[in-house]
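[1] What would the 3D arrangement of this be:
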Amino acid sequence: MADVLLLLERMKGKFGEPSIQESFKGFTKKIMFDFTDTKEQYVLSVVDGKEASLEKSAVQGADVVVTISTDMLAGIMNRTTNPVTAYVTRKIKVKGSMDDLMKLQKIMM
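    Residues are numbered from 1 along each chain as shown. From the prediction side, this is the model:
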């Protein structure tokens, strides 16, 4: 089982990169990660694509909900798993807009 907190912190840290800030300009969302194997939920809150915070909790009405196992997230972030294949085979499930899903790829890889 992957250390999910390290992976999520790595995602959060990408919001300090100028290229990510430019891509996410105007992006203010709550992204909830629901891990199927650990039964844990984390919320990544992003404000204008510049600031991000992470907390271990669930939130009602999240803009995006990503349901995934910790190992699958590790595989995607370490580039050993193709995210499109994971999505098509339902190993990653996402509730939210397709635009938000496409943006998430930039911080997950």
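
[2] how about the strands in this structure?
    Shown for the chain, the strands assigned by DSSP state E span residues 29-35, 41-47, 51-56, 64-68, 92-95.

[3] out of those strands, which comes closest to residue 11?
    Nearest to residue 11 among the strands of the chain is strand 41-47; the distance by CB to CB comes to 6.5 Å. Quick note: C-beta positions are derived from backbone N, CA and C, even for glycine.

[4] Note down every partner strand of the closest one and its orientation.
    Using DSSP bridges, the strands paired with strand 41-47 in its sheet are strand 29-35 (antiparallel), strand 51-56 (antiparallel).

[5] buried set for the last one?
    Neighbour-count burial for strand 51-56 flags 52, 54 (criterion: 16 or more other CB atoms under 10 Å).

[6] Contacts for it, please.
    8-9, 11-12, 15, 40-46 (CB atoms under 8 Å, 6 or more residues apart in numbering).

[7] any idea which of those residues is closest to residue 22?
    Once CB to CB is applied, the member of those that ends up nearest residue 22 is residue 15, at 11.2 Å.

[8] Counting neighbours, what do you get for that closest one?
    20 (other CB atoms under 10 Å).

[9] about what we covered before: as a markdown table, the strands of the chain with distance to residue 109 would be great.
    What follows is these, written out as a markdown table (distance: least, CB to CB, whole Å):
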| stretch | distance to residue 109 |
| --- | --- |
| strand 29-35 | 15 |
| strand 41-47 | 15 |
| strand 51-56 | 16 |
| strand 64-68 | 14 |
| strand 92-95 | 13 |
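
[10] For those, give me a markdown table that also has mean pLDDT and distance to residue 85.
    Formatted as a markdown table, the strands of the chain follow (pLDDT from 0 to 100; distance: least, CB to CB, whole Å):
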| stretch | mean pLDDT | distance to residue 85 |
| --- | --- | --- |
| strand 29-35 | 97 | 19 |
| strand 41-47 | 97 | 23 |
| strand 51-56 | 96 | 27 |
| strand 64-68 | 96 | 13 |
| strand 92-95 | 94 | 10 |
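
[11] So, low pLDDT: which residues of this structure?
    1 (pLDDT under 70).

[12] most remote residue from it's center?
    residue 18 (18.5 Å; CA atoms, centre = their mean).
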